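>>> pasting the structure only:
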């Protein structure tokens with residue numbers, strides 16, 4: 001058996017069969033899924049101490065009805081039982097994302113569990129999931145800031161919500177949208193500010 005036949009990506013593509021969904025959508029959804037599963041437990045060292053972890057921000061862009069949602073749902077269905085609360089599939093805000101990554105949560109028997117800094121953020125439709133205008137700009141800015149983790153605790157304080165500390169964040173992001181709706185969700189200044197360099 002050749003390496004290609006035993007490669008996980010090749011097996012995943014084979015399992016999807018031949019459909020109207022472009023193969024590249026399945027390919028990138030699978031890569032995002034793998035990155036979410038390994039989190040920061042795998043890395044490449046470009047130079048001594050300079051670790052590059054496989055966190056990915058993947059955006060599937062294509063016309064309505066081409067199969068972006070199908071590719072995303074297929075990838076989610078494979079690992080949903082394994083990831084538990086490390087998977088967030090739906091709508092959020094920058095504040096909600098901050099709280100999810102940095103606040104302790106109540107566990108079983110009324111005990112408090114430490115914050116979980118790992119997350120696979122999945123948005124089947126970008127505009128529905130992060131909104132438009134300032135709300136979308138805030139979440140895109142936050143994702144730009146925390147990309148690649150943070151070398152020291154990142155503190156975020158609001159007057160009413162108190163302080164949330166983000167430590168060792170590892171976020172992978174998979175989303176789909178059309179070209180027109182992308183322009184509604186992500187402003188030009190966010191793209192110029194470095195967001196596009198973190199996006200596949």
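Now that the structure is in, tell me what you want to look at. These figures come from a predicted structure and were not determined experimentally.
>>> Quick check: which ranges of this structure have low pLDDT?
1-6, 107, 109-110, 151, 159, 190-193 (pLDDT under 70).
>>> does residue 84 count as helix, strand or coil?
Using DSSP: H, G, I helix; E, B strand; the rest coil, the structure places residue 84 in helix.
>>> Report the separation between it and residue 24.
According to CB to CB, to the nearest Å, residue 84 and residue 24 sit 29 Å apart. C-betas here are computed from N, CA, C, even on glycine.
>>> Who has more neighbours out of the two?
residue 24 (12 against 9; other CB atoms under 10 Å).
>>> Give the buried residues for the helix or strand the more buried one falls within.
Element membership of residue 24 [criterion: DSSP states H and E] is helix 23-38. Across helix 23-38, burial judged by 16 or more other CB atoms under 10 Å covers 25-37.
>>> Stretch 52-72 too?
Quick answer for stretch 52-72 (16+ other CB under 10 Å): 53-60, 62, 66-72.
>>> partner residues bridging the most centrally placed residue in the chain?
In the chain, the centroid-proximal residue (CA atoms, centre = their mean) is residue 173; its distance is 1.4 Å. Residue 173 forms beta bridges with residue 57, residue 121, as assigned by DSSP bridges.
>>> Tell me who's in contact with it.
32, 56-58, 120-123, 143 (CB atoms under 8 Å, 6 or more residues apart in numbering).
>>> What is the neighbour count of residue 113?
A count of nearby residues for residue 113, using other CB under 10 Å, gives 11.
>>> burial count for residue 124?
Applying other CB under 10 Å, we find 20 residues neighbouring residue 124.
>>> for it, what are its contacts?
So residue 124 contacts 68-69, 72-73, 89, 175-176 (CB under 8 Å, 6+ apart).
>>> What residue, apart from its backbone neighbours, is nearest it spatially?
Closest residue in space to residue 124, ignoring its immediate chain neighbours: residue 69 at 4.9 Å, by CB to CB, 6 or more residues apart in numbering.
>>> Okay, angle between the helix or strand harbouring that neighbour and helix 23-38 too, please.
Taking DSSP H and E as the definition, one finds residue 69 inside helix 68-83. Per axes from the mean of the first three to the mean of the last three CA atoms, to 10 degrees, the angle that helix 68-83 makes with helix 23-38 is 20 degrees.
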